[in-house]
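Novice: following is a predicted model, sequence given first.
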Amino acid sequence: MTDAMQRRLFGLGAVAIAGSALAYISMADLGENLVYYWSPTELIQNAQAEDALVRLGGMVVAGSLAWDREAQHASFAITDGQNQVPVQCTGNPPQMFREGIGVVVEGRLQADGIFHTERVMVKHSNEYRAPEDGENPSEVYKTLVAEEP
């Protein structure tokens, strides 16, 4: 074997070892860091859903919102049009949160069948419209904030 061939084999071996190490580091314990995105129907149908970290997406069911501002606790139901999942949220949801709006919550389905979360993300349009000349900004806000019960 010539000296040039030995250097090529050494270089190829070094690249293979470095690539293997990089693949191992990037894939190690990847399963523990995965967060699934499911609809209420998929959550109900999936047996492994209990106590798994999940992002649950759907619409907030009208009439299901109970909000205790002092205790910073909200409970509501999310639907995909087929099934509903009750949700309990610790902490105050975002300002734009209201019934009938699309949301994504991240948390865990407990044995009692209630989805517990501390993170509520509101789906909204990316379009921004500044108040026109002479328009009262509070009129624009009415489209964003739900009326107080």
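Specialist: Received, thanks. Residues are numbered from 1 along each chain as shown.

Novice: what's the distance between Leu14 and Leu22?
Specialist: Wrong residue type there; residue 14 is Ala, not Leu. Note on Ala14: its distance to Leu22, by C-beta to C-beta, to the nearest Å, is 12 Å. Using the backbone N, CA and C atoms, a C-beta is placed for each residue, glycine as well.

Novice: same check on Gly91?
Specialist: Taking C-beta to C-beta, one finds Gly91 at 38 Å from Leu22.

Novice: how many neighbours does Ala74 have?
Specialist: Neighbour count of Ala74, defined by other C-beta atoms under 10 Å: 21.

Novice: sorry, that was for Phe76
Specialist: 25.

Novice: that one touches Ile101, doesn't it?
Specialist: No: under the contact definition of C-beta atoms under 8 Å, Phe76 does not touch Ile101, with a separation of 10.5 Å.

Novice: what sits in contact with each of these two?
Specialist: Counting by C-beta atoms under 8 Å, 6 or more residues apart in numbering, the contacts common to Phe76 and Ile101 are Val60.

Novice: just the helices in this protein please.
Specialist: 3-27, 40-45, 137-141 (DSSP state H).

Novice: give me the buried positions along the second one.
Specialist: What that stands for is helix 40-45. Pro40, Thr41, Glu42, Leu43, Ile44 (16 or more other C-beta atoms under 10 Å).

Novice: what about the closest residue to Met121 other than its chain neighbours, neighbour count?
Specialist: Once flanking residues are discounted, Met121 sits nearest to Val104: 4.5 Å by C-beta to C-beta, 6 or more residues apart in numbering. Residues near Val104, counting by other C-beta under 10 Å, number 16.

Novice: same question, Gly57
Specialist: 20.

Novice: can you read off the pLDDT for Ala130?
Specialist: Ala130 is assigned a predicted lDDT (pLDDT) of 69.

Novice: over to Ala28?
Specialist: 69.

Novice: same check on Ile25?
Specialist: Reported pLDDT for Ile25: 77.
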